[in-house]
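Trainee: my questions are about this predicted structure, shown below with the sequence.
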Amino acid sequence: MDEINLKQIITEFPDCVTNGAKLKSILLDTYPEISKGIINAILIISNSGIAKEIQNSANIDKIATDRWLKKFENDYCMSGSTVEKCLQLWINAFTSKFMSPLLNASPTVSESKIYDWIARKEDDDEIDEEFRKIDWESFQALFPDTTDSVSERSLAQEEIENSLKNEKICTTLADYVVNCSYIINTMKKDLGFAYFMLAKGLHICDFYIRDFEPDIMDEPKRSTWAEYKNEISAICELISFKTNNVNRLIEKLLLLSQENGYEAATIALKNTYENEYPYETVFREWNDCNLFPWFDITCMDEEFNSLNEEFDFENYRTLTDDIKDYYAKKI
């Protein structure tokens, strides 16, 4: 049920607030796997006039919610978690600031950890670097009972690596979206950091799209940008930037970060514009994430759709002199 974006439906088709037949048709087309019970509960809220009440309510408190749930029970003999969740869907549709559920979600970690993350001005790469610095003597100090055998050493390494990974703030692109959205909406002085980290999250995902696995995120590998559609849509909504070209989206985020005084964004833009490590060969020759361009300057067309699953990303276009000259001027 969490995937149902009722706010988007109501925004695009306002008459669905009272037109249950139209709403049912849209729900079945958009979410063909949705259960009949959920559809019925959503439609009853529309047809009974409760949805209109919610829309017109200046303040929705527990008293109002309990009254609507009681109406369900008395008039339709319906109660339980499904009814409560469907009612909340309608409430969220009119009270949420954003259409994307990711942008309305609470941070994945405590506010204090968000502040620590900003203060460090670093992300998961630094944690991975810390792990690489730990030598075998450190393992033996932490695990005095281990032997020098390969299996024992491997277990000790895994134990420490897991411990370090537990300190990560973002382990999926969705985490980057949720946590950076929180920073953008509540911590205005740290906008540069948040925009940079959103670009960083997309940058990391590009490794997966191009069949390169740096073991940075914990989520299952995805093979196309289409599988990140919800996250991309949320980022575009957050920064009011309409595009299906992820290269343009990453550039936009870095430019926003730079405008807000974040130096790392300036460096990332400069290195990418200079194309010191050509995008079409870098994935075959290096495995250091810091050497990768942040986006593909040969693929910046407005009409290019990164969500096209059939597109061959590696062989889109070669770097021409005109492209080189254009980005040399941007530097």
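Mentor: On my side now, so go ahead.

Trainee: what about N47, neighbour count?
Mentor: N47 has 15 neighbours, counted by other C-beta atoms under 10 Å. No exception for glycine: its C-beta is placed from N, CA and C like everyone else's.

Trainee: now stretch 102-114: buried residues?
Mentor: The neighbour-count check on stretch 102-114 (16 or more other C-beta atoms under 10 Å) flags 102-105, 107-109, 114 as buried.

Trainee: can you redo these as TSV with secondary structure?
Mentor: Listed next are the buried residues of stretch 102-114 as TSV, based on DSSP: H, G, I helix; E, B strand; the rest coil:
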residue	secondary structure
L102	helix
L103	helix
N104	helix
A105	coil
P107	coil
T108	coil
V109	coil
I114	helix
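
Trainee: mind putting the residues you listed into TSV with distance to T30?
Mentor: Formatted as TSV, the buried residues of stretch 102-114 follow (distance: C-beta to C-beta, whole Å):
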residue	distance to T30
L102	18
L103	19
N104	19
A105	21
P107	28
T108	27
V109	32
I114	33
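
Trainee: min pLDDT across those residues, which one?
Mentor: Among the buried residues of stretch 102-114, N104 has the lowest pLDDT, at 82.

Trainee: that residue reaches A93, doesn't it?
Mentor: No - with contacts counted by C-beta atoms under 8 Å, N104 stays clear of A93, the gap being 10.8 Å.

Trainee: in the stretch 51-200 of the chain, where is pLDDT below threshold?
Mentor: Residues of the stretch 51-200 of the chain that meet the criterion pLDDT under 70 lie in 58, 96, 121-167.

Trainee: go again using 90 as the cut-off
Mentor: Across the stretch 51-200 of the chain, the ranges flagged by pLDDT under 90 are 54-64, 71-83, 85, 88-89, 91-106, 109-113, 115-172, 185-188.

Trainee: all helices for it, in order.
Mentor: 62-76, 81-95, 101-104, 111-120, 124-133, 136-142, 150-165, 173-186, 191-209 (DSSP state H, counting those that start in this stretch).

Trainee: most neighbours per residue, which of those?
Mentor: Most buried of the helices of the stretch 51-200 of the chain by mean neighbour count (mean count of other C-beta atoms under 10 Å) is helix 191-209; its value is a mean of 24.

Trainee: dump it to PDB, keeping only the CA atoms.
Mentor: Taking C-alpha atoms only, helix 191-209 is exported to PDB below (Å, rounded to 0.1, in the frame of the first residue of the first chain):
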ATOM      1  CA  LEU A 191      22.100  23.300   1.300                       C
ATOM      2  CA  GLY A 192      25.500  22.900  -0.500                       C
ATOM      3  CA  PHE A 193      26.200  19.700   1.400                       C
ATOM      4  CA  ALA A 194      22.800  18.200   0.700                       C
ATOM      5  CA  TYR A 195      22.800  18.900  -3.000                       C
ATOM      6  CA  PHE A 196      26.400  17.500  -3.300                       C
ATOM      7  CA  MET A 197      25.300  14.300  -1.500                       C
ATOM      8  CA  LEU A 198      22.300  13.800  -3.800                       C
ATOM      9  CA  ALA A 199      24.700  14.100  -6.700                       C
ATOM     10  CA  LYS A 200      27.000  11.700  -5.000                       C
ATOM     11  CA  GLY A 201      24.200   9.100  -4.500                       C
ATOM     12  CA  LEU A 202      23.400   9.200  -8.300                       C
ATOM     13  CA  HIS A 203      27.100   9.100  -9.100                       C
ATOM     14  CA  ILE A 204      27.500   5.900  -7.100                       C
ATOM     15  CA  CYS A 205      24.500   4.400  -8.800                       C
ATOM     16  CA  ASP A 206      26.100   5.000 -12.200                       C
ATOM     17  CA  PHE A 207      28.700   2.400 -11.300                       C
ATOM     18  CA  TYR A 208      25.900  -0.200 -11.000                       C
ATOM     19  CA  ILE A 209      24.200   0.900 -14.200                       C
END
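
Trainee: buried set for the helix or strand just after that helix?
Mentor: Beyond helix 191-209 in the direction of the C-terminus, DSSP states H and E gives the next helix or strand as helix 229-239. Residues of helix 229-239 classed as buried: 230-239 (neighbour count, 16+ other C-beta under 10 Å).

Trainee: please apply the same query to stretch 16-25.
Mentor: 16-17, 20, 23-24.

Trainee: from those, which is closest to L319?
Mentor: L319 has its nearest neighbour among the buried residues of stretch 16-25 in C16, at 48.2 Å by C-beta to C-beta.

Trainee: what helix or strand is the residue lying closest to the closest one once chain neighbours are set aside located in?
Mentor: Counting by C-beta to C-beta, 6 or more residues apart in numbering, C16 lies nearest to L23, which is 4.0 Å off, once chain neighbours are set aside. Assigned by DSSP H and E, L23 belongs to helix 20-30.

Trainee: which residues touch that helix?
Mentor: 4, 9, 13, 15-16, 34, 39, 42-43, 46-47 (C-beta atoms under 8 Å, 6 or more residues apart in numbering).

Trainee: my guess is I114 contacts I184, does it?
Mentor: No - judged on C-beta under 8 Å, I114 makes no contact with I184 at a distance of 11.7 Å.

Trainee: quick revisit: looking at the buried residues of stretch 102-114, spot the one nearest L307.
Mentor: Once C-beta to C-beta is applied, the member of those that ends up nearest L307 is L102, at 16.6 Å.
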